[in-house]
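Asks: Give the three-dimensional model of this entry:
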Amino acid sequence: CKALYERILEKKKCKKVALIAVCNKLLRQAFGILKNRIQYQQNY
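Replies: Sure thing, here's the model as predicted:
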């Protein structure tokens, strides 16, 4: 997530846009885990 955040900031986007992108990524991962009923993989 940190790499995504920093990559977006390098593109001269605001911090809020970068935070929302990180939040969306985490939400997609959480819903994917719940929907497919798979174990969380920390190093994915």
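Asks: what about residue 28, which helix or strand?
Replies: In this structure, residue 28 sits in helix 15-36 according to DSSP states H and E.
Asks: same check, this time on residue 39
Replies: Using DSSP H and E, no helix or strand contains residue 39.
Asks: where does it fall, phi/psi-wise?
Replies: phi -70, psi 150 (degrees, to the nearest 10).
Asks: ok, now how distant is it from residue 2?
Replies: Distance of residue 39 to residue 2, computed by Cβ to Cβ, to the nearest Å: 23 Å. Quick note: C-beta positions are derived from backbone N, CA and C, even for glycine.
Asks: List the residues that contact the residue positioned nearest the centre of the chain.
Replies: Taking Cα atoms, centre = their mean, the centroid of the chain lies closest to residue 25, which sits 2.7 Å from it. Residues near residue 25 by Cβ atoms under 8 Å, 6 or more residues apart in numbering: 1, 4.
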